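Chemist: fold the following, please.
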Amino acid sequence: MADTFAAVKRNLRGYLRRFGGRKTVASDLKAGLVLGVESVPDGLAAGVLAGVNPLHGLYAYMFGAIGGALATGSAFMTVQATGAMAVIISDVSAETPGGLTPAALTTLGLMVGVIMLVLGIARLGSLVRFIPTAVLVGFVNAVAVNIVLGQIDNATGFAAEGANRIARTLDSLLHFWQWSWPTILVGVVTVTLILLLERTRLGALALVVAVIVGSGLAAALALLDGIDRVATIGDIAEVPQTLPGMQMPDLSVVLALIVPALSLALVGLVQGAAISGSIANPDGRYPDASADFRGQGIANLASGFFQGIPVGGSMSATALVRAAGARTALANLFAGVVMGITVLAFASLIGYIAMSALAALLIIVGVRTFKVHDIYMVWRTGIVQATVLTVTFVLTLLIPLQYAVLTGVGLAVILIVVQQSNRVVLRQWEFDDLSALPIESAPPATIPPGEVVVLAPYGSLFFAAAPVFEKQLPAVPARLEGAVVIVRLRGKEALGSTFLRVIATYAERIRAAGGTLMISGVSEAVHRQLRDTGIIRRIGERQVFRAHARVGESLQQARDAAQRLIDERGGADD
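Modeler: Next comes the predicted model:
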């Protein structure tokens, strides 16, 4: 009992160290204040982008930051509603009759949290490496375009119609004379102020000042007669002067939200993994991606229960809090507290924030998210990557994002399998007295009688590649007269059943013609496969040579055995 108590106390002390001490608290409180104040308009904008009550975005920022600060493996990761995730939620809301109710939004957040948490507990942080860069670049840049196009209505004051954002943008352009010039003016002033003020000492707080000034201009224009009124948050949502209460989920929509939840979890985890792999903790060590998975899962549970939209690791917010002087996780924790205090103290003023001012902020975010250099790099990499990039980009613009991201990943996997299956190359290794190193050449068209032929396959040997490998094997003549073929498999840790059948059939054909097939460099895993499937009996247990730590030793054993076999048969013929 005493040992258990001591262990708990030790673990608790270690956990509390993530929040620093007297030497770091001042820097963390300052950084948290900057992030907290900046996150208020940013969070409201995220709600607008998601197509829900803007307060749901602010609540997500608040409880996501607190949950992330308490639970992620990264001391600096700021967990918020990212632009990509907000656009996915917008598409889900548009596809749902009547939009996402608060209960359905809570259900979605909890489902995303459970998926992230389960993946983190299962220590599957390495899963993100299976998401091709081409998919990510295509998706992120298309999301950037969607962010901009999705704010055309709020920026112009014209409610366009259309099946998707591109169609609605075209409809808006075709009816430009119906745009509201006061709305456009507020947006232009907000953009101009952001671009000018962020170059000053205000830095990230320029967003706050610009939105306040833009909203103030909208309020002033509303006092003039004969001028269109600029829409505000108060027109679409009531802003209570209290913190949000807990919302129970709607279990009836679980099945309908499975695909969106998977897509949101995937996007959130990939974005968070970029933080895990690039920003070290205060002790100099990089955080465990699986621990960050768990932390983001807990942050989503907190955000979901308290009426926030799904959240994930935000690279921009993390960079901001670090630039503001954060030294421990206390900065993110305090940022969440600052947002809560802002809601309580200024709820009556939040309703006056102009929608076009938030749209201006989002348009800047969208433009800056678009990375031409990344597109060019992937495009120049190869036809497969260019195809995946193009398809993902186009689908993300035309169909709901929750389907586009999964389709992009699936397409990438298919194309990579096809590409790799056609990249199997079979080479012959020839040895002479001039060097212990082999000379590599094309394999012979036909196995020569009475000789040792060493074949080395390069590339993956999974099921789709087996026929390609088989076509490159030397033909087996009617009589081999004691020839030996050695297939070197060093470095192959698993073989598919299709390949095993190919190699077993080839061994039997060689044996029937009077020759022998040997396999060298066989790993423990492959040897187990050969044994369990019975293939080793068809080849011959004495013809299989296991891999050794010294490279080339297994092949040398096979060559020696092959030469003895040829010598014995030659003597018998005499």
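
Chemist: tell me which element residue 31 falls in.
Modeler: When elements are assigned from DSSP states H and E, residue 31 belongs to helix 22-49.

Chemist: other SSEs contacting that helix?
Modeler: Contact partners of helix 22-49 among helices and strands, from 3 or more Cβ pairs under 8 Å, 6 or more residues apart in numbering; DSSP states H and E: helix 54-71, strand 78-80, helix 83-95, helix 206-221, helix 315-323, helix 330-350, helix 355-369. Bear in mind the C-beta positions are built from the backbone N, C-alpha and C, glycine included.

Chemist: can you tell me which of these is most buried?
Modeler: Neighbour counts (mean count of other Cβ atoms under 10 Å) averaged over each of the helices and strands packed on helix 22-49 peak at strand 78-80, with a mean of 34.

Chemist: quick one: list the elements packing against that one.
Modeler: Looks like strand 78-80 contacts helix 22-49, helix 54-71, helix 289-305, strand 312-314, helix 315-323, helix 330-350 (3+ Cβ pairs under 8 Å, 6+ apart).

Chemist: relative to the whole chain's centre, how far out is the shortest one?
Modeler: This points to strand 312-314. From the chain centre to the centre of strand 312-314 is a distance of 11 Å (Cα atoms, centre = their mean, to the nearest Å).

Chemist: which neighbouring elements make contact with that strand?
Modeler: strand 78-80, helix 258-276, helix 289-305.

Chemist: starting from the first one, tell me which strands it pairs with and how they run.
Modeler: When pairs are called by DSSP bridges, strand 78-80 turns out to pair with strand 312-314 (antiparallel).

Chemist: so for stretch 318-328, mean pLDDT?
Modeler: For stretch 318-328, the mean pLDDT works out to 84.

Chemist: just stretch 431-449 next, same as before
Modeler: 87.

Chemist: pull the CA atoms of that stretch into CSV?
Modeler: Taking Å, rounded to 0.1, in the frame of the first residue of the first chain, the C-alpha atoms of stretch 431-449 are listed here in CSV:
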residue,chain,number,x,y,z
PHE,A,431,30.6,-14.2,-58.9
ASP,A,432,34.2,-14.5,-60.1
ASP,A,433,37.7,-14.7,-58.7
LEU,A,434,38.4,-11.0,-59.1
SER,A,435,36.3,-9.9,-56.1
ALA,A,436,34.1,-11.3,-53.4
LEU,A,437,31.4,-8.8,-54.5
PRO,A,438,28.9,-9.9,-57.2
ILE,A,439,28.4,-8.5,-60.7
GLU,A,440,24.8,-7.6,-61.2
SER,A,441,23.2,-8.3,-64.6
ALA,A,442,19.9,-9.2,-66.2
PRO,A,443,18.7,-12.8,-65.4
PRO,A,444,19.2,-15.4,-68.2
ALA,A,445,16.2,-16.1,-70.4
THR,A,446,16.6,-19.8,-69.7
ILE,A,447,18.3,-21.6,-66.8
PRO,A,448,21.6,-22.9,-68.1
PRO,A,449,22.3,-26.7,-67.3
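
Chemist: residues of that stretch that come out buried?
Modeler: Using 16 or more other Cβ atoms under 10 Å as the test for burial, stretch 431-449 gives 438, 443, 447.

Chemist: dead centre of this protein: give me the residue that sits there.
Modeler: The chain has residue 270 as the residue nearest its centroid, 2.7 Å off, counting by Cα atoms, centre = their mean.

Chemist: please report how far that residue lies from residue 82.
Modeler: 10 Å (Cβ to Cβ, to the nearest Å).

Chemist: would you single out the least confident of the helices and strands packed on strand 78-80?
Modeler: helix 315-323 (a mean of 83).

Chemist: hang on, the earlier thing: check contacts around the residue nearest to the centre of the chain.
Modeler: By Cβ atoms under 8 Å, 6 or more residues apart in numbering, residue 270 lies in contact with 128, 131, 136.

Chemist: ok, and the most crowded of those?
Modeler: Among these, the one with the most neighbours (other Cβ atoms under 10 Å) is residue 136, at 24 neighbours.

Chemist: contacting residues for that residue?
Modeler: Applying Cβ under 8 Å, 6+ apart to residue 136 gives the contacts residue 270.

Chemist: which element, helix or strand, includes it?
Modeler: Applying DSSP H and E as the criterion places residue 136 in helix 133-149.

Chemist: which strands and helices sit next to the helix or strand that that helix is followed by?
Modeler: Toward the C-terminus, helix 133-149 is succeeded by helix 152-156 as the next helix or strand (DSSP H and E). Here helix 152-156 touches helix 165-174, helix 181-197, helix 355-369, going by 3+ Cβ pairs under 8 Å, 6+ apart.

Chemist: try 10 Å this time
Modeler: For helix 152-156, the packing partners by 3 or more Cβ pairs under 10 Å, 6 or more residues apart in numbering; DSSP states H and E come out as helix 22-49, helix 165-174, helix 181-197, helix 355-369.
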